[in-house]
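>>> dropping a prediction and its sequence here:
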Amino acid sequence: MSIKATYLNGDAITLPPSCHTVMDVRFEVAKLNDCTYVEIKVFGESEMKLLRDNEPAPKEVQVILAKEAGLAGIISQEDWVHVIFEYCQRKDPVGLETMIEVFLESEFGKNNKAVAFEILGKVFLQLADIETAICMKCAEILIKHNADINALSETSETPLILASYRGHEELVDLLLENEADIDETDDDEHTALYLALKEGNIEIIQKLLQHDAAVDAITDEGRSVLHEACALGNVELVRKLLELGAPYNLAGKSDKRTPLMVASHLGNMQVVKALLQFVVEGGSKKSPKSSSSGGSRRGSKLGAAGQKVGIDNVDVNGNTALILAARRGHDDCVGMLLNAGADFSIENTKAGEGKTALEFASDRAHAGCAVLLQFIEEEGELAYRMDYGSEYQFCYA
């Protein structure tokens, strides 16, 4: 397609047939005028609408050079971000370094150093947010030229938050080496660690924990990193977070679910076990001991642990951890929760007539759960041996 291009004064511009996009036009005009790509703006002539690089060039365009009289300020901060980032997208570190040098040597760059580094920080934000593989050489060049590695996006994400979310391990390493703020939060109070957990980026999670990322941060929804680790089902990670002091009895603001509820709902018996064991073996060192009640089931060490992790807490839909496990047929979790002192008589009053865990299990034909619940309700105590996986022992109270 032949493109008719003119300068602001009406002079015609001869472009080769290979020009198809606005980017092509800008590069050709830059060569013709011995100037930089950033100094050129392309408009659709009919509407005088500023065109972006990735747009197909219309049949008629008008080209404006920044160096033309009265137009020195035509290159906005947004334009600089856009143009410099183009080189990152194209994985062109040589072109990127050249463009950054042009930018820093420009009148704007020389007179506004602090703002210039903020602009490079915005480029870094866009680089960190790329979903596919990124050019690490480009990231290194940005840091070399003092890009603000703690720059904030419109929703307050930092490059580290975005890199942790997207799974860019090498970029996370680079940012941590350069002392990026590890515990900065976005508008939803998400930290880099929280989003890495939410996305299951295990290697990044380990890197952040090695650099002492906070484990007690709470999101706007009342969720913690422990909630996400329980959802992920990674028991070693759950244990690590517990050891580091992650709050284990925190209920979400909207669903009112604790980490124990999350694990019970998903059937992560090993995670349920880890939460209860932690209180017995480790958590009790950090929290006041509860008084026992003699030889009753609730007075055992495991029963006391159940009370400390809020075993009978109720979520927004009226479910306890036991009810959640029974509804889904997770008999391993049901057995563990019963032995920890879960109250099997609690009814979900928001489920119509009000049902217990046994009634939910029976209605849904979860035979394993129903047997356990029926036995403990009618016959006596259920002894669950934590060291032997899913083996149950039945005994009379």
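Done, it's in.

>>> can we go C-alpha only for contacts and neighbour counts from here?
Will do.

>>> how about stretch 216-233: buried residues?
With burial defined by 16 or more other Cα atoms under 10 Å, the residues of stretch 216-233 counted as buried are 216-219, 222-233.

>>> how near is Phe108 to Ile100?
Remark: distance between Phe108 and Ile100 (Cα to Cα, to the nearest Å) = 12 Å.

>>> skipping its backbone neighbours, what lies nearest Ile100 in space?
Of all residues not flanking Ile100 in the chain, Ile84 sits nearest, at 6.9 Å (Cα to Cα, 6 or more residues apart in numbering).

>>> packing partners for whichever helix or strand the one you found is part of?
Element membership of Ile84, judged by DSSP states H and E, is helix 77-89. Packed against helix 77-89 by the contact rule (3 or more Cα pairs under 8 Å, 6 or more residues apart in numbering; DSSP states H and E) you find helix 93-105, helix 113-128.

>>> report the contact partners of Ala357.
Taking Cα atoms under 8 Å, 6 or more residues apart in numbering, we find Ala357 in contact with Leu322, Ile323, Leu324, Ala326, Arg327, Phe344, Ser345, Ile346, Glu347, Leu373.

>>> SS state for Leu242?
helix (DSSP: H, G, I helix; E, B strand; the rest coil).

>>> and for it, the neighbour number?
Leu242 is flanked by 20 other residues according to other Cα atoms under 10 Å.

>>> ditto for the one 10 residues further on
A total of 20 residues lie near Gly252 under the criterion other Cα under 10 Å.

>>> what's it in contact with, if anything?
Glu221, Gly222, Arg223, Thr258.

>>> what mean pLDDT does stretch 140-150 have?
Per-residue confidence for stretch 140-150 averages out to 97 on the pLDDT scale.

>>> which parts of it are buried?
Residues of stretch 140-150 classed as buried under the neighbour-count rule (16+ other Cα under 10 Å) are Glu140, Ile141, Leu142, Ile143, Asn146, Ala147, Asp148, Ile149, Asn150.

>>> stretch 359-373 too?
Using 16+ other Cα under 10 Å, the residues of stretch 359-373 that count as buried are Glu359, Phe360, Ala361, Ser362, His366, Ala367, Gly368, Cys369, Ala370, Leu372, Leu373.

>>> re earlier: most tightly packed of the helices and strands packed on helix 77-89?
Comparing the helices and strands packed on helix 77-89 by mean neighbour count (mean count of other Cα atoms under 10 Å), helix 113-128 ranks first with a mean of 22.

>>> how far does that helix sit from the chain's center?
For helix 113-128, the separation from the chain centroid amounts to 21 Å (computed by Cα atoms, centre = their mean, to the nearest Å).

>>> what sits up against it?
In contact with helix 113-128 (Cα under 8 Å, 6+ apart) are residues 77, 80-82, 84-85, 88-89, 104, 108-109, 134, 139, 142, 145-153, 158-160, 162-163, 166, 168, 171.

>>> buried only: go through those for me.
80-82, 84-85, 88-89, 104, 108-109, 134, 139, 142, 146-153, 158-160, 162-163, 166, 168, 171.

>>> helices - which of those land there?
Restricting these to those inside helices, with DSSP state H as the criterion, leaves 80-82, 84-85, 88-89, 104, 108-109, 139, 142, 159-160, 162-163, 166, 171.

>>> excluding sequence neighbours, find me the nearest residue to the residue nearest the centre of the chain.
For the chain, the residue nearest the mean C-alpha position is Leu195 (1.9 Å; Cα atoms, centre = their mean). Leaving out its chain neighbours, the residue that sits closest to Leu195 by Cα to Cα, 6+ apart is Tyr165, at 5.3 Å.

>>> now do Lys198
Distances taken as Cα to Cα, 6+ apart put Glu228 closest to Lys198, at 5.7 Å, once the chain neighbours are dropped.

>>> could you look up the SS state of that neighbour?
Using three-state DSSP, the secondary structure recorded for Glu228 is helix.

>>> roughly how far does Gln89 sit from Leu242?
Applying Cα to Cα, the value for Gln89 to Leu242 is 40 Å.

>>> low-confidence ranges in this structure?
Judged against pLDDT under 70, the low-scoring parts of the chain cover residues 1, 37-38, 45-48, 66-75, 280-309, 351-352, 379-397.

>>> the domain parsing of it - what is it?
When the chain is parsed with automatic domain parsing, its domains come out as 1-75, 293-397.

>>> right, and Gln62 touches Tyr7 too?
Yes - judged on Cα atoms under 8 Å, Gln62 makes contact with Tyr7 at a distance of 5.8 Å.

>>> higher neighbour count, those two?
Gln62 (23 against 15).

>>> could you point out which of the contacts of Ala357 is nearest to His265?
Nearest to His265 among the contacts of Ala357, counting by Cα to Cα, is Leu324 at 5.0 Å.

>>> am I right that that closest one is in a helix?
Yes - membership of Leu324 in a helix is supported by three-state DSSP.

>>> residue contacts, it?
By Cα under 8 Å, 6+ apart, the residues touching Leu324 are Met261, Ser264, His265, Ala357.

>>> pull the most distant pair out of those.
Checked with Cα to Cα, the contacts of Leu324 reach their widest spread between Met261 and Ala357, with 13.8 Å between them.

>>> before we move on, back to that, in JSON lines: the contacts of Gly252, plus secondary structure.
Output for the contacts of Gly252, formatted as JSON lines (three-state DSSP):
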{"residue": "Glu221", "secondary structure": "coil"}
{"residue": "Gly222", "secondary structure": "coil"}
{"residue": "Arg223", "secondary structure": "coil"}
{"residue": "Thr258", "secondary structure": "coil"}
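
>>> can you add distance to Ala12 and give those back as a markdown table?
As requested, those are exported to a markdown table (distance: Cα to Cα, whole Å):
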| residue | distance to Ala12 |
| --- | --- |
| Glu221 | 59 |
| Gly222 | 62 |
| Arg223 | 61 |
| Thr258 | 69 |
